[in-house]
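Q: please find the sequence and the predicted model below.
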Amino acid sequence: MAKELYSTDNQVTIHDPICNFNDEFTAWDCTSNLEEALNGKDAVVIATKHSEYEQFDWVSEFKNLSSKPCIVDAQDVVSDLSLIHI
């Protein structure tokens, strides 16, 4: 998915708490800090069901963000509907 997004000339930041970013990812913007990955983004795609994402306080984090990104949650990780009203 990341390769496809990068090919469209979008600014993409990759966060994955499990992946070791090897040489294949060196030209990409990768971070181990989830808050950093979210800040200033127009969209967030959650493509995996990592426990870090399930335990993350999405509501508090989104209240502190200057922009309010669209969430595409392919794994039903963000189940808190109060995000709709932020």
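A: Ah, there it is.
Q: using PDB, list the CA coordinates for the helix of greatest length in the chain.
A: Here the longest helix in the chain is taken by residue count, with DSSP state H as the criterion, and it is helix 58-64. Backbone C-alpha positions of helix 58-64 (Å, rounded to 0.1, in the frame of the first residue of the first chain) are rendered in PDB as follows:
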ATOM      1  CA  TRP A  58      -7.300   8.300  19.600                       C
ATOM      2  CA  VAL A  59      -9.800  10.800  21.000                       C
ATOM      3  CA  SER A  60      -7.200  12.700  23.200                       C
ATOM      4  CA  GLU A  61      -4.700  12.700  20.400                       C
ATOM      5  CA  PHE A  62      -7.100  14.000  17.800                       C
ATOM      6  CA  LYS A  63      -8.200  16.800  20.200                       C
ATOM      7  CA  ASN A  64      -4.600  18.000  20.300                       C
END
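Q: now it: mean pLDDT?
A: For helix 58-64, the mean pLDDT works out to 83.
Q: please compute how far it lies from its chain's middle.
A: 13 Å (C-alpha atoms, centre = their mean, to the nearest Å).
Q: ok, for G40, nearest residue in space, not its chain neighbours?
A: For G40, ignoring the flanking residues on the chain, the nearest one in space by C-beta to C-beta, 6 or more residues apart in numbering is S67 at 6.1 Å. Where C-beta positions appear, they are placed from N, C-alpha and C, glycine not excepted.
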